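Asks: please find the sequence and the predicted model below.
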Amino acid sequence: MKTYEKKAFWKFFAIYFASVAILITVSGYFYFQQQKETFISKEQFSMILYARMLKTSNFNYKREGFTYEILKKEIKNFNPQNLKLTECCFEKIVPNRNNLGYLLIKKDRKEFDENIKKLLLKIIVVEFSLLFLFGVISFYLSKLSLKPMQETIKRLDWFAKDLIHDLNTPVTSILLNIKLLKKDPLCKGKKELSRIETSTKEIASLYKNLNILLEEKTFKMEKIDICPLIKEMAEEYSLKFRNIKISVECKSFEVKVNSAAIKQILHNLLTNACKYNVEGGSVKIWTKNRTLYIKDTGKGIENVDLIFKRYYKEQKSGSGIGLHIVKTLCDAMDIEIEAESKKNFGTVVMLSFP
């Protein structure tokens, strides 16, 4: 399952399962309250029955768990439904015979507490069983809900892959022909030819980005030492941008990434750091606590919060999707990417590896 599919899956699962879990929990709570009230009513009825038996037997009736006291006092606004629950027992006051005071009936609450414990255990077992059942249902429903999206994305991937594959041939052909035309004395030094070459190289770079993004193998991870790769790419860009000083301070550490994807990320970041740098500027690359820093002395970025958004660009050149693809690839490999920039002082990009 790809990252976006996992997100969609767990989002659907969480919403559905949480809704069912809340419903089950609330139902269990109301059922518990209703049963508790039933138990209390039974206790109250048994105490009234005990009081009747006392009065009819001339106070000779005995029953385990019950005791009584005779209250020789007047109670104003007496409520026949009175019932008090204390730490040890239930207490209920009932009128004595011939209206001679009242009886305070006490009943041990041990049986009531045991019934409450049994009820709670029963509700917990039923609720956990239901939660497990609906958890399984939620899992399969979540997988089922992904199928239409997966089929649509699969068709789009096929179309995009075919399109990109067909794009590669004419781009390669244009670049080869530009090389030949540059050797022609009539075309030498022509600005129009240089513009065509620049635009074609941008298309070629876009092709590489999209190809990496659409390749399924992009998200197959392997452990590599990041430093040799950084040094290799720094050397490559030092030759490509001879007017930019590139320095590397890298302490070796292993990262779990896809080789092609991390190369494309570094390619895009280093291209921007060199391309939009000042004349005779520098690019510094270093690592600290599993974080890779790429700092340039370029023009800086006005809206640094927007640079990873699709089609956003502050320069006339470029497609505006290079950094968006960088962010997408970073997300796919659980790499946190951040950028800080100050106008006319340069930009620093940070890649934090898990």
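Replies: Nice, I can see it.
Asks: list the buried residues of stretch 339-352.
Replies: By neighbour count on 16 or more other C-beta atoms under 10 Å, the buried set for stretch 339-352 is Ala339, Ser341, Gly346, Thr347, Val348, Val349, Leu351. All C-beta spots, glycine's among them, are computed from the backbone N, C-alpha and C.
Asks: any chance of those residues in a markdown table, plus distance to Ile203?
Replies: Compiled in a markdown table, the buried residues of stretch 339-352 are given as follows (distance: C-beta to C-beta, whole Å):
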| residue | distance to Ile203 |
| --- | --- |
| Ala339 | 25 |
| Ser341 | 27 |
| Gly346 | 28 |
| Thr347 | 25 |
| Val348 | 29 |
| Val349 | 24 |
| Leu351 | 27 |
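Asks: so how far is the helix or strand harbouring Ile123 off the chain centroid?
Replies: Using DSSP states H and E, the element containing Ile123 is helix 110-183. In terms of C-alpha atoms, centre = their mean, to the nearest Å, the centre of helix 110-183 is found 13 Å from the chain centre.
Asks: helices or strands up against that helix?
Replies: With contacts defined as 3 or more C-beta pairs under 8 Å, 6 or more residues apart in numbering; DSSP states H and E, the secondary structure elements packing on helix 110-183 are helix 3-56, helix 191-214.
Asks: looking at the buried residues of stretch 339-352, which are in strands?
Replies: Cross-referencing those against strands under DSSP state E gives Ala339, Ser341, Gly346, Thr347, Val348, Val349, Leu351.
Asks: what's near enough to touch the first one?
Replies: Right, the one you point to is Ala339. Contacts for Ala339 were tallied using C-beta atoms under 8 Å, 6 or more residues apart in numbering; they are Ile301, Val304, Ile307, Phe308, Thr347, Val348, Val349, Met350.
Asks: what's the burial count for Asn277?
Replies: Counted by other C-beta atoms under 10 Å, the residues lying close to Asn277 total 22.
Asks: now the phi/psi pair for it, please.
Replies: In terms of degrees, to the nearest 10, the main-chain angles of Asn277 are phi -90, psi 170.
Asks: and the nearest residue to Gln35 once chain neighbours are set aside, how close does it get to Leu323?
Replies: Closest residue in space to Gln35, ignoring its immediate chain neighbours: Leu119 at 5.4 Å, by C-beta to C-beta, 6 or more residues apart in numbering. Noted for Leu119: a distance of 60 Å to Leu323, by C-beta to C-beta, to the nearest Å.
Asks: and Leu193, by the same measure?
Replies: Applying C-beta to C-beta, one obtains 29 Å for the distance of Leu193 from Leu323.
Asks: again, but for Asp296
Replies: Shown here: Asp296 relative to Leu323, a distance of 14 Å by C-beta to C-beta.
Asks: overlap of the contact sets of those two?
Replies: Asn272.
Asks: more neighbours: which of those two?
Replies: A side-by-side neighbour count of Asp296 and Leu323, using other C-beta under 10 Å, places Asp296 first with 28 against 23.
Asks: give the bridge partners for the more buried one, please.
Replies: Taking DSSP bridges, one obtains Val283 as the residues bridged to Asp296.
Asks: begin at 3 from now on, thanks
Replies: All set: I'll call the first residue 3, so the last point we hit is now Asp298.
Asks: now do stretch 80-88: everything it contacts.
Replies: The set of residues that contact stretch 80-88 without belonging to it, under C-beta under 8 Å, 6+ apart, is Ile42, Glu45, Gln46, Met49, Phe92, Glu93, Lys94, Ile95, Val96, Pro97, Tyr104, Arg111.
Asks: and the two most separated of those residues?
Replies: The most widely separated members of these, counting by C-beta to C-beta, are Pro97 and Arg111 (23.4 Å).
Asks: the more surrounded of those two?
Replies: Summary of the neighbour comparison: Pro97 and Arg111, criterion other C-beta under 10 Å, with Arg111 having more neighbours (18 against 15).
Asks: for that one, phi and psi?
Replies: Main-chain torsions, Arg111, degrees, to the nearest 10: phi -100, psi 10.
Asks: how near is Lys124 to Ile296?
Replies: In this structure, Lys124 lies at 61 Å from Ile296, with C-beta to C-beta as the measure.
Asks: between those two, which has more neighbouring residues?
Replies: Just comparing Lys124 and Ile296: by other C-beta under 10 Å the higher neighbour count belongs to Ile296, 22 against 14.
Asks: so the more buried one: helix, strand or coil?
Replies: strand (DSSP: H, G, I helix; E, B strand; the rest coil).
Asks: and the spatially closest residue to it that is not a sequence neighbour, bridged to which residues?
Replies: In space, Ile296 comes closest to Val351 once its chain neighbours are excluded; the distance is 4.8 Å by C-beta to C-beta, 6+ apart. Note on Val351: beta-bridge partners by DSSP bridges are Ile296, Ala341.
Asks: per-residue confidence for Val351?
Replies: According to the per-residue confidence, Val351 scores 93 in pLDDT.
Asks: low-confidence bits of this structure, can you list those?
Replies: Low-confidence regions of the chain, defined here as pLDDT under 70, cover residues 3-6, 101, 159-168, 204, 207-208, 210-221, 316-322.
Asks: ok, back up a step: so for Lys149, which of the helices and strands packed on helix 112-185 sits nearest?
Replies: Once C-beta to C-beta is applied to those, the stretch that comes out nearest is helix 5-58, at 10.6 Å.
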